[in-house]
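Novice: heads up, no residue letters with this:
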């Protein structure tokens, strides 16, 4: 009688262990690419976030044209970025010297509203295109404005904000 009970207990343990392992290695299924990107961003911030402090650019910022900015001798070309978010560059929160040395251009800067847990913090992502590299890198950043409220507009938020997180994430294939 002891032997069948022992075998039954061992079998239940193996089944429970396998079920637990299957759930941990199960691939997440997404309905579309947007869901997958949202998930990746959430996981990235969860795994890689730490508050940082970056100085604003202290040199001369020149707006060459609507999409091109010069930071002393370094140039950034922006593509597909709305006028309000361009102020992140004009204020000197983001500049080539803290992003990368081999920037070709930056595209698709957008606010990640689903990650904003406080009116004092806003998170963004953009695509970084590098010279001599075909695929862009997703970069994530956070701007913090301690005076911001729910009624603070984006322009004012950026004017009084500080860059508190910046990391390169993954390559778009």
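Specialist: Arrived safely. Bear in mind the structure is a predicted one, so any value in this text is a computation, not a measurement. Residues are numbered from 1 along each chain as shown.
Novice: rest of the way, CA atoms for contacts and neighbours
Specialist: OK.
Novice: Can you tell me the centre-most residue of this protein?
Specialist: Residue closest to the mean C-alpha point of the chain, counted by CA atoms, centre = their mean, is residue 140 at 2.3 Å.
Novice: Just the element for it, please.
Specialist: strand 137-144 (DSSP states H and E).
Novice: Can you list the neighbours in contact with that strand?
Specialist: 120-129, 158, 161-172 (CA atoms under 8 Å, 6 or more residues apart in numbering).
Novice: List the buried residues for the following helix or strand past it?
Specialist: Next along the chain after strand 137-144, taking DSSP H and E as the criterion, comes helix 154-159. Across helix 154-159, burial judged by 16 or more other CA atoms under 10 Å covers 157-158.
Novice: Please name every helix or strand in contact with helix 154-159.
Specialist: When contacts are defined as 3 or more CA pairs under 8 Å, 6 or more residues apart in numbering; DSSP states H and E, helix 154-159 packs onto helix 87-90.
Novice: I'd like the next helix or strand past the helix it packs on.
Specialist: helix 96-99.
Novice: partners of the helix or strand just after that next one in the sheet?
Specialist: Heading C-terminal from helix 96-99, the first helix or strand you meet, by DSSP H and E, is strand 103-111. When sheet partners are counted by DSSP bridges, strand 103-111 sits next to strand 74-79 (parallel), strand 121-130 (antiparallel).
Novice: Thanks again, I'm all set now.
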